[in-house]
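> starting from these lines, generate the structure:
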Amino acid sequence: MNTRERGNGTVLGLGFMFALTLAGFLVLIQVQAVMKTHAVQGAADLTAIAAAQASADACAQADAVARANQVRLVECETDDTDFLVKVESDLPSLVASMLTFVHVEATPIRASARAGPGMMPS
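Prediction:
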């Protein structure tokens, strides 16, 4: 082996380990964002169903369900018998930190859902 080539394998191995670690970290961030998006949509669905099933103040019931699901009720409106709700939640802290690191504004995750008495299974 040439003496000038000593240590090249170590440097190359460290480079590969760094690249794999970085790729794993980016995948983790993506998975967190996708999971949070699905959770917010599920919370929006539950919030709309709660509004549709409420016998009294539907938007107050929707707000209670939204808070129980760790989202904020942004909008609650009715058109005839259907209820349209919009909710939002902050990004996971790891995702928000990464976006801030690359100078991208971290906007909340938003979702909406519609439900009404005619949409409920019997």
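
> do a quick rundown of the helices in this structure.
8-53, 58-68, 93-101 (DSSP state H).

> what comes up buried for the second one?
To tie it back to what came earlier, the one meant is helix 58-68. Buried positions in helix 58-68, judged by neighbour count with 16 or more other C-beta atoms under 10 Å: 58, 59, 61, 62, 63, 65, 66. Yep, even glycine has a C-beta here, placed from its N, CA and C like the rest.

> show me what it is packed against.
In terms of contacts (3 or more C-beta pairs under 8 Å, 6 or more residues apart in numbering; DSSP states H and E), helix 58-68 is packed against helix 8-53, strand 72-79, strand 82-89.

> want to throw these into JSON lines with mean pLDDT, mean neighbour count and distance to residue 100?
Below are those laid out as JSON lines (pLDDT from 0 to 100; neighbours: other C-beta atoms under 10 Å; distance: least, C-beta to C-beta, whole Å):
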{"stretch": "helix 8-53", "mean pLDDT": "93", "mean neighbour count": "15", "distance to residue 100": "12"}
{"stretch": "strand 72-79", "mean pLDDT": "92", "mean neighbour count": "15", "distance to residue 100": "21"}
{"stretch": "strand 82-89", "mean pLDDT": "94", "mean neighbour count": "22", "distance to residue 100": "17"}
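
> reformat those as a markdown table; add distance to residue 96.
A markdown table is the format used below for the helices and strands packed on helix 58-68 (distance: least, C-beta to C-beta, whole Å):
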| stretch | distance to residue 96 |
| --- | --- |
| helix 8-53 | 10 |
| strand 72-79 | 16 |
| strand 82-89 | 11 |
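
> which among the ones you listed is found nearest to residue 102?
Smallest distance to residue 102 across those (C-beta to C-beta): 11.0 Å, for helix 8-53.

> quick one on the thing from earlier: closest to residue 17 among the buried residues of helix 58-68?
Relative to residue 17, the closest of those is residue 66; by C-beta to C-beta it sits at 43.5 Å.
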